[in-house]
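1. For reference, the sequence and a predicted model appear below.
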Amino acid sequence: MQIMKKVFLFFYQYLKISDKEKAIQAVLQNGLELKRISMALQDDEEVVEKAIQNHSLALQYASDRLKGNPAIALKALQKSGEVMPFISDQLKNDKTFAIQVMKECGFLFGGFSEEIRGDKEVLIAAFANNYVYAIQKASSSLKEDKEIVLAAVRQDGHILQHLSDTMKNDNEVVKTAIQKDWGAFEYASEELRKNKDFIIESAKSNCFILKYSLVDGYKDFDEIVKKEGNEFLFGCWNNWDNRTRLRVAKNREFLPTTKQISIGVEDSDANVSAVYKLRTDEWISQLEDQQLRMLAQSF
């Protein structure tokens with residue numbers, strides 16, 4: 001049986017394309033034709049590069065030596081991440097190569113070795129390529145590295161849902177996350193979502209986080225303003241984006257109108273309300289976005 005197998009392989013190899021010019025013509029038409037080319041030409045850099053140029057997955061038929069060639073592997077990965085399983089284990093454990101790949105294909109972070117996925121510099125390179133979700137594939141130690149975690153939530157607050165319970169209960173991490181994406185508050189620890197002081201402070205960044213509050217009476221913006229007073233509301237204004245301001249401007253019925261305010265009493269709730277209402281009206285009139293202005297004027 002072994003003899004027959006050897007004879008078959010001998011003739012099979014003989015039938016393969018062994019002429020370099022013919023091989024190049026073949027792979028330029030279909031890169032996967034590299035499979036039908038002789039072993040010697042599967043180890044030829046020019047032939048393999050031409051094959052990859054046509055079809056990235058041609059790398060799977062290259063020699064082991066060329067699967068471990070950083071330049072050739074990178075060219076293949078730039079065309080398709082599906083090539084990752086076919087590059088050599090040596091490259092998957094090569095920090096220099098990993099950083100090169102992260103600069104262009106951060107989503108391939110998870111395809112590297114455990115050692116590489118525990119390297120801070122490589123993970124930061126993935127972040128620099130706007131692929132913050134690489135942290136999901138990072139080592140446990142990096143997921144607990146506060147510097148790394150803060151860098152992640154600054155890019156995408158919703159990454160908080162994939163972090164450890166320790167990070168979900170960290171005031172600074174959660175605050176940073178909700179400053180980027182208010183919906184990230186949903187993934188904060190139960191302890192923080194039950195902390196009234198933390199909720200009030202967070203609402204100053206975006207009132208919509210109250211949707212995920214676990215404190216009775218602090219799930220609705222109007223209710224929290226009634227409890228905390230107009231100074232809280234007026235203090236929030238400069239921190240909100242335009243759409244948040246519009247949402248608040250729409251629900252001003254609990255504030256006294258300018259006609260109801262007795263002038264001359266400084267620092268009263270009434271005066272704070274008056275200043276807030278005037279500031280709101282002034283802001284609405286200065287809105288540059290026509291759609292926002294029309295929406296504001298409809299309130």
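-> Received the coordinates, thanks.
2. in the stretch 101-250 of the chain, which ranges drop under the pLDDT threshold?
-> 206-207, 216-250 (pLDDT under 70).
3. Where do the helices of it begin and end?
-> Using DSSP state H, counting those that start in this stretch, the helices of the stretch 101-250 of the chain run over 120-128, 140-143, 146-155, 165-168, 171-180, 190-193, 196-203, 221-228, 230-236, 242-250.
4. Pull out the buried residues from the second one.
-> So the one you mean is helix 140-143. Going by neighbour count (16 or more other C-beta atoms under 10 Å), the buried part of helix 140-143 is 142, 143. Where you see a C-beta, it was placed from the backbone N, CA and C, and this is true even at glycine.
5. Can I get that helix as CSV, trimmed to CA atoms?
-> The C-alpha atoms that make up helix 140-143 are tabulated as CSV, following Å, rounded to 0.1, in the frame of the first residue of the first chain:
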residue,chain,number,x,y,z
SER,A,140,-7.1,38.2,31.6
SER,A,141,-4.3,40.4,32.9
LEU,A,142,-4.9,43.0,30.2
LYS,A,143,-8.6,43.0,30.8
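6. who does it touch, helix- and strand-wise?
-> Applying 3 or more C-beta pairs under 8 Å, 6 or more residues apart in numbering; DSSP states H and E, we find helix 140-143 packed against no helix or strand.
7. And for that helix, what's in contact with it?
-> 117, 118, 120, 123, 135, 148, 149, 163, 164, 167 (C-beta atoms under 8 Å, 6 or more residues apart in numbering).
8. need the contact list for the closest residue in space to the fifth one that isn't next to it in sequence.
-> Spelled out, that is residue 135. Excluding the flanking residues, the one nearest residue 135 by C-beta to C-beta, 6 or more residues apart in numbering is residue 152, at 5.0 Å. Residues in contact with residue 152, defined by C-beta under 8 Å, 6+ apart, are 127, 132, 135, 159, 163.
9. Neighbours of residue 134, how many?
-> By the criterion of other C-beta atoms under 10 Å, residue 134 has 25 neighbours.
10. contacts for stretch 55-69?
-> Against stretch 55-69 from outside (C-beta under 8 Å, 6+ apart): 27, 30-32, 34-35, 37, 39, 42-43, 45, 48, 51-52, 72-73, 76-77, 79-80, 82-83, 86-88, 90-91.
11. Buried ones among those residues?
-> Counted by 16+ other C-beta under 10 Å, the contacts of stretch 55-69 give 27, 31, 34, 37, 42, 48, 51-52, 72-73, 76-77, 79, 83, 86-88, 91 as buried.
12. Nice, that's everything, thank you.
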